[in-house]
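Chemist: I'll drop the sequence and a predicted model, then ask my questions.
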Amino acid sequence: MLHFKKNLHLIVSVVTVMPAAIVYGSPKLLPEYLNINVSNIDTLNMLKAIMCLYIVFSVVWVLGIVSSNCWKFATQLNILFMLSLGIGRVLSTCTDGFSGKLYIFGMIAELAIGGYAWYQLKNKPLNLP
């Protein structure tokens with residue numbers, strides 16, 4: 001049993017971050033999904049690096065889902081990832097103004113998932129694997 005409720009933050013993160021990684025790494029998808037037009041190789045390089053970061057984080061979260069030995073580390077990494085992104089978007093909103101609806105949704109979702117992961121870490125029953 002994968003303990004759905006215990007792993008919800010990790011499952012939601014993998015399901016949302018992996019597609020984002022693919023979009024970030026695909027210059028043809030960026031204009032369609034994120035209204036970003038890439039015009040130089042340096043930006044492509046940066047976006048591919050972000051794609052790989054997202055994929056590696058997702059792999060760790062999958063390990064946390066399937067292995068109780070990895071759950072705590074995966075959850076800590078999830079908190080760090082989600083709250084860092086969410087706080088960064090809040091900072092950008094305060095200094096640069098409001099973004100599009102997808103980015104605002106992302107900000108709210110990142111803060112919510114990060115907060116829920118923190119809650120899960122603090123309230124994990126000791127008898128769960």
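Modeler: Done, it's in. Residues are numbered from 1 along each chain as shown.

Chemist: how near is the spatially closest residue to residue 108 that is not a sequence neighbour to residue 22?
Modeler: What sits nearest to residue 108 in space, not counting adjacent residues and going by Cβ to Cβ, 6 or more residues apart in numbering, is residue 86, at 7.9 Å. (Each C-beta comes from the backbone N, C-alpha and C, glycine too.) Counting by Cβ to Cβ, to the nearest Å, the gap from residue 86 to residue 22 is 21 Å.

Chemist: which one's more surrounded, those two?
Modeler: Neighbour count, other Cβ atoms under 10 Å: between residue 86 and residue 22, residue 86 has more, with 20 against 14.

Chemist: which element is residue 59 on?
Modeler: Assessed by DSSP states H and E, residue 59 sits inside helix 41-66.

Chemist: by contact count, what packs against that helix?
Modeler: Here helix 41-66 touches helix 4-24, helix 68-96, going by 3 or more Cβ pairs under 8 Å, 6 or more residues apart in numbering; DSSP states H and E.

Chemist: let's have the ones you listed in JSON lines, adding mean pLDDT.
Modeler: JSON lines is the format used below for those (pLDDT from 0 to 100):
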{"stretch": "helix 4-24", "mean pLDDT": "94"}
{"stretch": "helix 68-96", "mean pLDDT": "96"}
